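*Asks:* What follows is a predicted protein model with its sequence.
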Amino acid sequence: DTEVTQTPKHLVMGMTNKKSLKCEQHMGHRAMYWYKQKAKKPPELMFVYSYEKLSINESVPSRFSPECPNSSLLNLHLHALQPEDSALYLCASSQRESDTQYFGPGTRLTVL
Amino acid sequence: GQSLEQPSEVTAVEGAIVQINCTYQTSGFYGLSWYQQHDGGAPTFLSYNALDGLEETGRFSSFLSRSDSYGYLLLQELQMKDSASYFCAVRDLGYSTLTFGKGTMLLVSP
């Protein structure tokens, strides 16, 4: 198994909703990442988990809350989002933090 | 911090060869990666150069010159399916995450 999976593929939510994005990999990778990508822009790093511990938070607003329940799973909990948070949210994983990153297909999020 | 420059758009015809350049400025340097992203899809890893020289993988090759802070992605025998955005990305020494360039949109026409 050499892929990163993400659910859901699409998500529409209101500004008062609470939702979660899920990411899973079974490659034995010990580093996992959340990126945000706006249209026609490069991915922007949000969070890095290494060995299930948060190692980097790129000054992301607290309405985004990451969680790494185990070495294969990564969640992103969303609460009280703004319309400008609408974007493609990408999960990636790598063997370790310094290794090549492999991306999942992303969740297309629309905040109304 | 890091900054990367790459052309915003490149056009070519099927069967041709195209080169996408990337120049970077970093406080340290660990390696240059290339990713392909089709519209609506996820970035797909293409290649990684940590040392100077050319890396070849099928129709794609990537080159790095650390002294010039420069690299390129070479795509040969272009196919319509190669139409996509291509991102270079650097990993800064001591800072293990990737910083992406703004991306180059490659348009391949018949």
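*Replies:* Noted; the coordinates are in hand. Residues are numbered from 1 along each chain as shown, chains lettered A, B, ... in the order given.
*Asks:* beta partners of the most centrally placed residue in chain A?
*Replies:* Central residue of chain A (C-alpha atoms, centre = their mean): residue A:34, 3.2 Å from the mean position. Beta-bridge partners for residue A:34, by DSSP bridges, are residue A:47, residue A:91.
*Asks:* The helix or strand bottoming out on mean pLDDT in chain A and chain B in contact?
*Replies:* For chain A, the helix or strand with the lowest mean confidence is strand A:53-57, at a mean of 91 (criterion: mean pLDDT, DSSP states H and E). Yes - counting by C-beta under 8 Å from any C-beta of the partner chain, chain B is contacted by strand A:53-57 at residue A:56. For every residue, glycine as well, the C-beta is placed using N, CA and C.
*Asks:* what's residue 22 in contact with, if anything?
*Replies:* Using chain A. A:6, A:7, A:73, A:74, A:75 (C-beta atoms under 8 Å, 6 or more residues apart in numbering or on different chains).
*Asks:* nope, chain B
*Replies:* Residue B:22 touches B:4, B:5, B:6, B:32, B:70, B:71, B:72, B:73, B:88, B:101, counting by C-beta under 8 Å, 6+ apart.
*Asks:* buried set for the helix or strand hosting it?
*Replies:* Under the criterion of DSSP states H and E, residue B:22 resides in strand B:18-25. Using 16 or more other C-beta atoms under 10 Å in any protein chain shown as the test for burial, strand B:18-25 gives B:18, B:20, B:22, B:23, B:24.
*Asks:* List phi and psi for residue A:85.
*Replies:* Residue A:85 has phi and psi values of phi -80, psi -10 when expressed as degrees, to the nearest 10.
*Asks:* Name the nearest residue to it, ignoring sequence neighbours.
*Replies:* residue A:111 (5.1 Å; C-beta to C-beta, 6 or more residues apart in numbering or on different chains).
*Asks:* Any idea how many residues pack against that neighbour?
*Replies:* 19 (other C-beta atoms under 10 Å in any protein chain shown).
*Asks:* how near is it to residue A:11?
*Replies:* 9 Å (C-beta to C-beta, to the nearest Å).
*Asks:* ok, back up a step: got the buried residues for the least confident helix or strand of chain A?
*Replies:* Buried residues in strand A:53-57 (16+ other C-beta under 10 Å): residue A:56.
*Asks:* can you check stretch B:39-55 too?
*Replies:* Quick answer for stretch B:39-55 (16+ other C-beta under 10 Å): B:42, B:43, B:45, B:46, B:47, B:48, B:49, B:55.
*Asks:* Good, wrapping up.
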